[in-house]
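Colleague: how would this look folded up:
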Amino acid sequence: MFKKLKEERTLVMVKPDGVKRGLVGEIVKRIEQRGLKLIALEMFQATKEDIEKHYSTSEENLKNMGGKLVSTCEKYNIDMIKEFGTSDPVKLGALVHSWLGEYLTSGPMVKMVVQGILAVEMVRKLAGNTMPAQAEMGTIRGDFSVDSGIIANTQRRAVRNVVHASGNVAEAEFEIGLWFKSDEIHSYKRAEEEIMF
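Modeller: This next block holds a predicted model:
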């Protein structure tokens, strides 16, 4: 059991805004300083088809995405019908999904597999809240982005939040399999592994 926790894997992607701003090295540095190790790393250009495989267009996922837009509109008293032509969470989710596709194909990204003790949870802590305006200082998003859902939504674009990190172990396994072939993932021991854990 403990060995499995030590070898947990997660997917991290530095999004186009993070790459264009020269933050790849800083993000890798924070991951490695935490005691996690990179076991795969590549710069690539995503296609719309890649993004559709990564972010499902299932009704459930679109409803979830749209629900976040509904909540944001309600919080800021935005008239969804006037602003977006609908209040249907699935239709709103389709809008958000299209904005996400445009954002993630707007430039190169860097994808990596990170391994270590509770890697999914650790990387999520390092990344910070998905909404950068709500992310704590000291996190990647809190230090390098000030974007918010309401600004992004009214500008008809995705939130620019620098980095993607898998949300749970099952999601990480799916995403790693989607973005990497098994022979692209490496195994090695970091020098301090026996000292740290």
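Colleague: double-check that M112 belongs to a strand.
Modeller: Yes: applying DSSP: H, G, I helix; E, B strand; the rest coil, one finds M112 inside a strand.
Colleague: wait, it touches L41, no?
Modeller: Yes: applying C-beta atoms under 8 Å, one finds M112 in contact with L41, separated by 4.5 Å. In short, each C-beta sits where N, CA and C put it, glycine included.
Colleague: common neighbours of these two, please.
Modeller: V28 (C-beta atoms under 8 Å, 6 or more residues apart in numbering).
Colleague: compare those two (neighbour count), which wins?
Modeller: More crowded of M112 and L41, by other C-beta atoms under 10 Å: M112, with 22 against 16.
Colleague: for that one, what are its contacts?
Modeller: Per C-beta under 8 Å, 6+ apart, neighbours of M112: 11-13, 28, 31, 38, 40-42.
Colleague: next: D143.
Modeller: If you count contacts by C-beta under 8 Å, 6+ apart, D143 has them with M137.
Colleague: state the helix or strand in which it lies.
Modeller: helix 140-144 (DSSP states H and E).
Colleague: nearest spatial neighbour of L126, chain-adjacent residues omitted?
Modeller: Excluding its sequence neighbours, the residue lying closest to L126 (C-beta to C-beta, 6 or more residues apart in numbering) is R30, at 5.5 Å.
Colleague: distance check, the one you found against E136.
Modeller: Using C-beta to C-beta, to the nearest Å, we find R30 at a distance of 14 Å from E136.
Colleague: could you check how many residues crowd around I150?
Modeller: Residues lying near I150 (other C-beta under 10 Å) number 17.
Colleague: that one should be in a strand, yeah?
Modeller: No: judged by three-state DSSP, I150 forms no part of a strand; its state is helix.
Colleague: quick one, what contacts it?
Modeller: Counted by C-beta under 8 Å, 6+ apart, I150 has contacts 72, 75-76, 78.
Colleague: which pair of the residues you listed spans the longest distance?
Modeller: Farthest-apart pair in those is K75 and I78; separation 8.4 Å (C-beta to C-beta).
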